[in-house]
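> Dropping a prediction and its sequence here:
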Amino acid sequence: MKIHTSFYLIFFLLFFCTVETYTQDSLYLVDTLTGTATNNKLWKAQGIGDFNGDSLADFIICYDKYVDLYFGNNQFKPQLAHRFSLPPKDNYFKGSAYGIGDVNGDGYTDLMIITGDTSYYPIYSYGEIILGGKELDTIPKFKYYPPYYWKMLMSDKIYPLGDLNGDGYNDFALAEYYNWSDGLGKVYLFKGGITLVETPWTELITTLGRGTHFFGSSILGIGDYNDDGYDDFLVSVPTLSADSDKVYLYSGNKDSLNKLPYKTFGPYTFLSDIKAAPNITYDNKPEFILAAGGKIYLYSGMDSVNTFYPTKLRFGLSIGTGGDINNDGFNDLLIGNEQYLNSQSIMVGGIVGFWGGNNIDTLGNFLLEGYQKWSSFSHNLDIPGDINGDGYADVFVLAPTYYKSNDYNYDSTLGRLYIYSFTKITGINNKDITTPTDFILNQNYPNPFNPTTVISFQLSAESYVTLRVYNSLGQEIVVIKNNEIQSSGEQKITFDAEKYNLSSGVYFLEMKAVNINSQTTQYHKEIKMLYLK
């Protein structure tokens, strides 16, 4: 990471304004995660709130082949809670997930997984809700199948909507921002509640005409914007025309939603991102931010808008919001520019950070530069919250193109996530997650355990993996995995003895890893586990 305090050339490239100096504040690189293969790229990372109720921020990391759910922990080491497998990626399917808030009112945030049915081609996409809770339950409690079986482009840029109808439960959405069957985008809204139903509360369908736009590519809850007692939400509408992108504001209502927008923002040129911005200026009004046409628009209240950070580069702007990075009581703002040039005029990408407050410094408070040429550093930004419980919200920066070497060979597009903190975390090694050279089954932790324990292992190559649990008499009790394909790298699984009604005692976990090509056993090991109620 490079932090600069005076650099005329950088400001000349970034701003239509006089050159000033950033403050001495900085962020520290804490950890990195990298895609495992060119066909298993890391392409998204996003905070989802507190999924397991431990007061630490949890998050998801999306790869081409699976979605990983991580729990925050005090050691700041990403702790894999569960891996959700996805169907093979094709031209019409891109598996993902997003946090939808607490939709069933139990106090835990919930998760929407976008998955698909491989019995159809192209893959039939649908959504599954995984309910948060103190104990992780990975069985979907709700499935929604959109009306079209194929050729859908489903949006994953959906953020918690809030309580649209005032019944005390957060509501949620699914969206097809384009469908090749009719060329129309559609947004499906669902009511939250103790019991979830498959029938949408409201369907919003664009009237703009076939094939001219991407209605519903982003959906964002912004609170009660028009002060009528119901939360409201935004729907972004990028178009195929360079200067006609729009954002629609829809107003919540007790009985039924008006399918016509309450207000329209725009048109914009090249709308690239929208994010909620609560408590940035601390004016007690709903706030949100748009990035479009090389400009950033901060909306606060019904009519107030602040346009700032104009750049000479029209593309590649991204926004990061969602937490208080420097722990000063105000949420903060990140603006990324994929086409930022460093002092050697190399396009490495960059991020300018802004401390929230009553008077935001529109020149920014710190700068982060990318590490590699053409990596699109800052393509995706997020402030997922406080992962390690130190009082400071942490920062995600995603570069979709990461090269293992410095020759900029486009065959190695793995994607890389950079995790930053305002405070310097000691005892943590910044590292690349690379393919291990050995097969290893670690001792479960904790051991003894009651009732859950984490089973971790690593693979040096993609393998068929079998995990079985036996009692002290050698009888098979549980099959955790049965000849399932697992990618190379570290894997973690949470084992819950209560789920299988096990009694206290000694158990043995057996792991086998079989070579996918030769069908020969590459690794075989057993460990002893002690379950004490």
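Happy to help now that I have it.
> Go ahead and confirm residue 125 touches residue 93.
Yes. If you go by C-beta atoms under 8 Å, residue 125 and residue 93 touch, sitting 5.6 Å apart. (C-beta placed from N, C-alpha, C; glycine too.)
> what touches both of the two?
Taking C-beta atoms under 8 Å, 6 or more residues apart in numbering as the criterion, residue 125 and residue 93 both touch 116, 154.
> Kindly state the beta-bridge partners for the nearest residue to residue 286 once chain neighbours are set aside.
In this structure, residue 286 finds its nearest non-sequential neighbour in residue 223, 3.9 Å apart by C-beta to C-beta, 6 or more residues apart in numbering. For residue 223, the beta-bridge partners are residue 232 (DSSP bridges).
> What is the burial count for residue 223?
Look at residue 223: counted by other C-beta atoms under 10 Å, it has 18 neighbours.
> could we number from 35 for the rest of this?
Okay, residue one is now 35; in that scheme the one you just asked about reads as residue 257.
> so what's it up against?
Contacts of residue 257 were listed using C-beta under 8 Å, 6+ apart, and they are 196, 265, 266, 312, 320.
> can we see that at 7 Å?
Taking C-beta atoms under 7 Å, 6 or more residues apart in numbering as the criterion, residue 257 is in contact with 196, 265, 320.
> Distance of residue 236 relative to residue 267?
In this view, residue 236 and residue 267 are 11 Å apart by C-beta to C-beta, to the nearest Å.
> So for these two, which residue has more residues nearby?
Using other C-beta under 10 Å as the criterion, residue 236 and residue 267 rank with residue 267 on top: 27 against 19.
> can you give me phi and psi for the residue of the chain positioned farthest from its centre?
Farthest-out residue of the chain from its mean C-alpha position, per C-alpha atoms, centre = their mean: residue 507, at 44.6 Å. Recorded main-chain torsions at residue 507 are phi -90, psi 0, according to degrees, to the nearest 10.
> Would you mind listing the residues in contact with it?
For residue 507, the contact set (C-beta under 7 Å, 6+ apart) is empty.
> how much space between the nearest residue to residue 384 once chain neighbours are set aside and residue 61?
Of all residues not flanking residue 384 in the chain, residue 374 sits nearest, at 3.3 Å (C-beta to C-beta, 6+ apart). Going from residue 374 to residue 61 by C-beta to C-beta gives 16 Å.
> First-to-last residue distance for stretch 189-203?
End-to-end span of stretch 189-203 (C-alpha to C-alpha, to the nearest Å): 23 Å.
> Would you mark the buried spots in that stretch?
Residues of stretch 189-203 classed as buried by neighbour count (16 or more other C-beta atoms under 10 Å): 189, 190, 191, 192, 193, 194, 195, 196, 197, 198, 199, 203.
> ok, so of the residues you listed, who is nearest residue 404?
Checking those against residue 404 by C-beta to C-beta gives residue 191 as the nearest, at 22.5 Å.
> shouldn't that closest one be in contact with residue 248?
No. Using C-beta atoms under 7 Å, residue 191 is not in contact with residue 248, being 10.7 Å away.
> who does whichever helix or strand residue 269 is part of touch, helix- and strand-wise?
Using DSSP states H and E, residue 269 maps to strand 266-271. Judged by 3 or more C-beta pairs under 7 Å, 6 or more residues apart in numbering; DSSP states H and E, strand 266-271 is in contact with strand 252-257, strand 279-284, strand 305-310.
> any residues touching that strand, and which ones?
195, 198, 221, 238, 247-256, 258-260, 279-286, 305, 308, 322.
> Those residues, buried ones only, as a ChimeraX selection?
Those of the contacts of strand 266-271 that count as buried under 16+ other C-beta under 10 Å are selected in ChimeraX with:
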select :195,198,221,238,247,248,249,250,251,252,253,254,255,256,258,259,279,280,281,282,283,284,285,286,305,308,322
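> Quick check: which ranges of this protein have low pLDDT?
For the chain, applying pLDDT under 70 flags the ranges 35-60, 181-185, 243-246, 316, 337-338, 342-350, 436-446, 458-471.
> where do the helices sit along it?
Along the chain, counting by DSSP state H, helices occupy 42-48.
> pretty sure residue 247 contacts residue 275?
No. Using C-beta under 7 Å, residue 247 is not in contact with residue 275; the gap is 8.6 Å.
> who touches both of the two?
Common neighbours of residue 247 and residue 275, using C-beta under 7 Å, 6+ apart, do not exist here.
> Surely residue 359 touches residue 426?
Yes. The criterion here is C-beta under 7 Å, and residue 359 meets it with residue 426 at 6.4 Å.
> Next, show the common contact partners of the two.
What both residue 359 and residue 426 touch, as defined by C-beta under 7 Å, 6+ apart, is the set residue 456.
> These two: which has the busier surroundings?
Taking other C-beta under 10 Å, residue 359 and residue 426 do not tie; residue 359 has more neighbours (30 against 19).
> so what's that one up against?
Contacts of residue 359 by C-beta under 7 Å, 6+ apart are 366, 417, 426, 427, 429, 456.
> ok, of the buried residues of stretch 189-203, which one's closest to residue 537?
Using C-beta to C-beta, the shortest approach to residue 537 within these belongs to residue 203, at 38.8 Å.
> Need the phi and psi values for that closest one.
Dihedral angles (degrees, to the nearest 10) for residue 203: phi -120, psi 140.
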